[in-house]
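Novice: would you be able to build a 3D model of this:
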Amino acid sequence: MKVLFYDCFSGISGDMNLGAMIDLGVDRDFLMNELGKLNLQGWELIVESDQRHGIMGTKVTVKQVHHEHHHRHLSDIEEIITSSSLPAATKDLSIKIFTKIAEAEAAVHGIPVNEVHFHEVGAIDSIIDVAGAAVCFNALNVDAVHVSEVELGGGFVNCDHGKLPVPAPATIELIKGIPVKSGGVDFEATTPTGAAILAVLGTDFSKPVRAKIEKTGYGIGHKNHPDVPNLLRVSLGEYTSGEGSGHEAILVECNIDDMNPEFYDYISEMLFKAGASDVYFTGIIMKKGRPGIIINVICEPGLADIVKTILFIESTTLGIRMFRFHKETLSREFRKLGTIYGDVTIKHSYLDGKEVSAKPEFDECRKIAAEQGIPVKEVYNYLVSLLTREKFPKNE
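Specialist: Numbering: from 1, shown residues only. Predicted structure coming up:
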């Protein structure tokens, strides 16, 4: 299982993340070419070697040639991203990170998400930071992201709303469910952009696991501290055989026998949006012969509190059960397959390096079926036949 390990002993920001990704091996020219697809003018990416406390790494600075003062809404940023020529996976991940920030800002200011003004994070440099994070993550093609305890910093930070305590209110919202520490440095160690990247990419926020590290990169921050090097350390590796191919996860359950059935789909949607790995419902017979439903939610340990809150607020349950368990997973790889309908994403699954299954992404099958006006089973069966011929080609 290919894993990306974030060691945030001095926090994380968008530019530190880009520096760490390049230092880890993502090609700078590839990144620049992909970011050019955003069609944004008036910026340049400065990439240079630097060091903190004798540790060499890569420092990235997004320099704006023409400083902008106008604010953007989420819809404005979504338009920039969706109208670009970036790959669909990069667009989706970029929008997911920005949506996470918008939801945090909305919660802090008590306004709807679509009314949030992106101040600092609406600037060109943050669009580059977020889209760059998505580009790099997809380029690394990892199966999981393990995040260490995150340093938040201390002191105060200046923003459009005036001087605010560190961590900024939006950062507090974004970092919910992720183990943190504070006061290790006297500046804003973790920014809202950095926090959003971790909240969206992170799949495991538990204690360190046994792993084999293959490569490590350092992203240099723009601060200096006499005691703690301002670095983001990111490593690429895999879980060792001692940990198997899985990781720790949480099963959250609750029994319900008095709720409008129409609510279940809405609650399921909210749980998936919050980051749950799976949501499913089980029919049961409760006391006095009453039919009921168990809402079952599988999530990463860091998301357990968020899942609990959603269930208590949105459902009629009065109690919740939580179980920690070890989740074994196959390694997965997503590749494009050329078809008469264009390129379609195929999910390949592996056990100990050997492929055990390959299947088309159903959402793409459904989209093709709707566009072509044909049954989805026809699209699916056609793609399966292509995969079969690819795996077992006839002898010429």
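Novice: please count neighbours and contacts with C-alpha atoms only from this point.
Specialist: OK.
Novice: show me the contacts for Ser349.
Specialist: For Ser349, the set of contacting residues under the criterion of C-alpha atoms under 8 Å, 6 or more residues apart in numbering consists of 330-333, 355-358.
Novice: nearest to Phe30, of the residues you listed?
Specialist: Using C-alpha to C-alpha, Glu333 comes nearest to Phe30 of the contacts of Ser349, at 20.5 Å.
Novice: from the contacts of Ser349, which land in strands?
Specialist: Judged by DSSP state E, strands contain the following of those: 331-333, 355-358.
Novice: tell me where the model's unsure across the stretch 201-350 of the chain.
Specialist: With pLDDT under 70 as the threshold, the stretch 201-350 of the chain has low-confidence stretches at 207-210, 240-246.
Novice: ok, which stretches of it are strands?
Specialist: Along the stretch 201-350 of the chain, the stretches classed as strands by DSSP state E, counting those that start in this stretch are 211-220, 231-239, 246-256, 278-285, 291-299, 321-328, 331-339, 342-351.
Novice: tell me which of those strands sits nearest to Glu188.
Specialist: Counting by C-alpha to C-alpha, and looking across all of the strands of the stretch 201-350 of the chain, nearest comes strand 231-239 at 13.1 Å.
Novice: against Gly219, how distant is Met21?
Specialist: Using C-alpha to C-alpha, to the nearest Å, we find Met21 at a distance of 7 Å from Gly219.
Novice: what of Val384?
Specialist: When C-alpha to C-alpha is the yardstick, Val384 and Gly219 sit 43 Å from each other.
Novice: with neighbour numbers in mind, choose between the two.
Specialist: Between Val384 and Gly219, counted using other C-alpha atoms under 10 Å, the more crowded position is Gly219 (31 against 16).
Novice: and the spatially closest residue to Thr339 that is not a sequence neighbour, how many residues sit next to it?
Specialist: Residue nearest to Thr339 in three dimensions, not counting chain neighbours: Leu383, with 7.8 Å by C-alpha to C-alpha, 6 or more residues apart in numbering. Residues near Leu383, counting by other C-alpha under 10 Å, number 22.
Novice: convert the helix or strand harbouring Leu383 to CSV, retaining C-alpha atoms only.
Specialist: Leu383 belongs to helix 376-391 when elements are defined using DSSP states H and E. Once non-C-alpha atoms are left out, helix 376-391 reads as follows in CSV (Å, rounded to 0.1, in the frame of the first residue of the first chain):
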residue,chain,number,x,y,z
VAL,A,376,-26.0,1.7,-18.5
LYS,A,377,-25.6,-2.1,-18.6
GLU,A,378,-24.7,-1.9,-22.3
VAL,A,379,-21.9,0.6,-21.5
TYR,A,380,-20.7,-1.4,-18.5
ASN,A,381,-20.7,-4.8,-20.4
TYR,A,382,-18.8,-3.2,-23.3
LEU,A,383,-16.1,-1.9,-21.0
VAL,A,384,-15.8,-5.2,-19.2
SER,A,385,-15.3,-6.9,-22.6
LEU,A,386,-12.5,-4.5,-23.4
LEU,A,387,-10.8,-5.3,-20.1
THR,A,388,-11.2,-9.0,-20.7
ARG,A,389,-9.6,-8.7,-24.2
GLU,A,390,-6.8,-6.5,-22.7
LYS,A,391,-6.0,-9.1,-20.1
